[in-house]
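Asks: Take a look and give me a structure for this.
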Amino acid sequence: MKILVLNFGSSTVKSQLIDTDPDLIAQNNDRLLAKVTVDRMGTPYSVVNVQAPGKHPGKKRIKISKPVYKAEDAVQAIIDAYLSYLPDELHGPTDIEGVGHRVVHGGERFQTSTIMTEEVVDDIEETVDLAPLHNPHNLKGYYAARALLPHARHVAVFDTSFHQSMPPHAYLYGLPYLYYERYRIRRYGFHGTSHRYISYRYARIHGQTREAYKLITCHLGNGCSLCAVDQGRSIDTSMGFTPLEGLLMGTRCGDVDPMAVFYVLAHEEVDAQGLESLLNRLSGLYGVSGISSDMRILLEEMDKGSDRAKLAIDMFCYRARKYIGSYMAALEGCDAILFGGGIGENSPPVRRMICDGLKGLGVEIDPERNANAIGIETQISAENSRIPVWVIPTNEELLIARDTLRCILGLPLP
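Replies: Numbers count the residues shown, from 1 in each chain. Next up is the predicted model:
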C-alpha cells in the first residue's frame, strides 16, 4: 500500500511516499519511493524539491508554474511531483491509498494513532490552544489533503501519544491540582514518534521485543528531548506542557526557574508575546553563545577559541548528561543509551562530551567507533562498557506510514 506521509509546518511541508504492507514491515523492507519538500510556502519564492532514492539520490529542484501560497497548493505540488518522478510506481492520485499526518499535540484524548473521522478532527481542533505553533498547520495540511485525495484514508499520528503511558507522579506539576482539572496543565512530552521508533529499532536489531529493555532515548536536534522507556512504554520525558521544557536546545531555553521570567518582565520592556519569543526563539544555544543555534558552527567556533561557544556546548552536554543520570534512577537501571536526531546521529564530539561524564555509571565510549558513527546504525560504546551506547538514526516518517497502514487495515498498533 502506498502511503503519503505529510508533516506541515508554517512555511515548510515535508513529505515521503512509502510503499508498505504487513509482510514488508515484518521483514523491515518497507520501500521509500521518494521525498518531496516544499520550502518558503506562502511567499513568491516558494520552491519544491524532490529526492528519489536510486533515480535522484540528491535533491532536485522542480520548476513550478506558480508560487505555493496555500496548503492546497502545497499538497497539489507534492502530488504532481510524485506523479512526475515516479511514473512506474504511481499511475494516478488514486494509487495513494493512505495519508499519514503528523500532529504535534493530541492532548490526553489520543493515546494512539487513529483514523481521522469528523469527531477526531473536532477533538484535534480543541487542542489548538495547547500547540498554537503547530496544530493549526497540521490541520491545514489535513484539510488540503482530504480535498485532493478524498478516496484515501487519513490517519493522525501524534507526537504526544507515546508519552500517555507516563504515571501521574511523572506528568503532574507541583501546581494546585485544580489547574490540572480545569486546564489539563501537565507534562505531555513530544518527539514521541521518534522515541518510539528508536526504542523499537534497538529491540529489533537485537531480536527482542521492546518489553525486554529499559532504555534511555536521546532525540538531539534543533529541538531536543530525552525519554525513559521501560518495557516499551514511556515513563518520563524531558519536554513538558510545551516543547520548551527540559534540555538546552537550538533556540529554546529548556529548564528555567519561572521566577526568572517575572524578573525579566519587571526589568525589561517586554510583553507576553515578546517573552514567548525570548524563551522559544532567542535562547538556548543561540542565546548563550550569541553566535548560532547550529551545533556544527558552535563546534567550529569552540575549536577557534570562542569561550561563549564552548559555554553553550558545555551547558548543552551537561543538561543532557544530568537527565540521563536521573532517568537511570527513574528506570532503576538502564540496558542501553540510544542517540538519534540530527545532533545525536551526526556529532561524535557532542556524544563523547555527554558520555564522558557518565563513566562513573559504567559508560565507556570507544573513540574510533564514535568517530565513525555518522548517520549510521551502530554501537559506539566500548566492549567493557556496562551500559551499551548506540546511534539509531530516527525514522519518524516510516513509523507514521506503518501506523497509517495498521489503522487502515484494522491491525493492532505495537
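Asks: quick one, strands of the stretch 51-200 of the chain?
Replies: In the stretch 51-200 of the chain, the strands defined using DSSP state E, counting those that start in this stretch lie at 56-62, 96-103, 114-115, 153-158.
Asks: Confidence-wise, which of these is weakest overall?
Replies: Lowest mean pLDDT within the strands of the stretch 51-200 of the chain: strand 56-62, a mean of 62.
Asks: how is this structure carved up into domains?
Replies: Domain ranges of the chain: 2-158, 209-391, per automatic domain parsing.
Asks: So for residue 409, which of those sits nearest?
Replies: domain 2-158 (7.4 Å; CB to CB). Heads up, the C-betas are built off the backbone N, CA and C, glycines and all.
Asks: related to what we said a few turns ago, residue 199: which of the domains of the chain is closest?
Replies: Residue 199 lies closest to domain 209-391 among these, at 4.6 Å (CB to CB).
Asks: What separates the first and last residues of that closest one, distance-wise?
Replies: One end of domain 209-391 to the other measures 18 Å (CA to CA, to the nearest Å).
Asks: To residue 175, which of the domains of the chain lies closest?
Replies: Going by CB to CB, the one of those nearest residue 175 is domain 209-391, 10.2 Å.
Asks: quick one: the helices in the stretch 201-350 of the chain?
Replies: For the stretch 201-350 of the chain, the helices defined by DSSP state H, counting those that start in this stretch occupy 258-267, 272-281, 284-289, 295-303, 307-331, 341-346, 348-356.
Asks: among the ones you listed, which is nearest residue 237?
Replies: Of the helices of the stretch 201-350 of the chain, nearest to residue 237 by CB to CB is helix 307-331, at 9.1 Å.
Asks: buried sites along the closest one?
Replies: By 16 or more other CB atoms under 10 Å, the buried positions in helix 307-331 come out as 309-310, 312-313, 315-317, 319-321, 323-325, 327-328, 330-331.
Asks: what angle separates that helix from helix 295-303?
Replies: 120 degrees (axes from the mean of the first three to the mean of the last three CA atoms, to 10 degrees).
Asks: what helices or strands is helix 307-331 leaning on?
Replies: Packing partners of helix 307-331 (3 or more CB pairs under 8 Å, 6 or more residues apart in numbering; DSSP states H and E): strand 214-220, strand 224-230, strand 233-237, helix 284-289, helix 295-303, helix 348-356.
Asks: Could you rerun that using 10 Å?
Replies: Contacts defined by 3 or more CB pairs under 10 Å, 6 or more residues apart in numbering; DSSP states H and E place helix 307-331 against strand 214-220, strand 224-230, strand 233-237, helix 284-289, helix 295-303, strand 336-340, helix 341-346, helix 348-356.
Asks: thought residue 134 was touching residue 104?
Replies: Yes: Residue 134 is in contact with residue 104 according to CB atoms under 10 Å; the separation is 3.7 Å.
Asks: Hmm, residue 286 is touching residue 309, no?
Replies: No: in this structure residue 286 lies outside contact range of residue 309 using CB under 10 Å: 11.1 Å.
Asks: Overlap in contacts, those two.
Replies: 292, 298 (CB atoms under 10 Å, 6 or more residues apart in numbering).
Asks: Buried ones in stretch 129-137, by neighbour count?
Replies: 130-131, 134-135, 137.
Asks: Residue 318: what's it in contact with?
Replies: 248, 353-354, 357.
Asks: Can you flag which of the buried residues of stretch 129-137 belong to helices?
Replies: Judged by DSSP state H, helices contain the following of these: 135, 137.
Asks: if we take the buried residues of stretch 129-137, which one ends up nearest to residue 290?
Replies: After measuring the buried residues of stretch 129-137 against residue 290 - CB to CB - the closest member comes out as residue 134, at 27.7 Å.
Asks: Name the SS class of residue 386, please.
Replies: The assignment at residue 386 comes out as coil when based on DSSP: H, G, I helix; E, B strand; the rest coil.
Asks: For it, give its distance to residue 333.
Replies: For residue 386, the distance to residue 333 equals 10 Å [CB to CB, to the nearest Å].
Asks: now residue 6
Replies: In terms of CB to CB, residue 6 sits 39 Å off from residue 333.
Asks: Could you check which of those two has the larger neighbour count?
Replies: More crowded of residue 6 and residue 333, by other CB atoms under 10 Å: residue 6, with 24 against 10.
Asks: quick one, phi psi at the more buried one?
Replies: phi -120, psi 130 (degrees, to the nearest 10).
Asks: Please apply the same query to residue 33.
Replies: Dihedral angles for residue 33 - degrees, to the nearest 10 - are phi -80, psi -40.
Asks: Kindly provide the distance from it to residue 389.
Replies: From residue 33 to residue 389 the distance is 33 Å (CB to CB).
Asks: More neighbours: which of the two?
Replies: Neighbour totals were compared for residue 33 and residue 389, and residue 389 leads with 26 against 21 (other CB under 10 Å).
Asks: Leaving out sequence neighbours, find the closest residue to the more buried one.
Replies: Of all residues not flanking residue 389 in the chain, residue 381 sits nearest, at 3.9 Å (CB to CB, 6 or more residues apart in numbering).
Asks: what pairs with that neighbour across the strands?
Replies: In this structure, residue 381 bridges to residue 365 when assessed by DSSP bridges.
Asks: Any idea how many residues pack against it?
Replies: Using other CB under 10 Å: residue 381 sits among 21 other residues.
Asks: and it, what does it touch?
Replies: Applying CB under 10 Å, 6+ apart, the residues contacting residue 381 are 336-337, 355, 362-366, 369-370, 387-390.
Asks: and if you look at residue 398?
Replies: Counted by CB under 10 Å, 6+ apart, residue 398 has contacts 3, 5, 16, 18, 20, 25, 28, 30, 32, 193, 197, 201.
Asks: and which of those residues is nearest residue 171?
Replies: Using CB to CB, the contacts of residue 398 come closest to residue 171 at residue 193, 18.3 Å.
Asks: For the closest one, grab the count of nearby residues.
Replies: Neighbourhood size, residue 193 [other CB under 10 Å]: 25.
Asks: for residue 204, same thing?
Replies: Neighbour count of residue 204, defined by other CB under 10 Å: 13.
Asks: okay, it: pLDDT?
Replies: For residue 204, the predicted pLDDT is 95.
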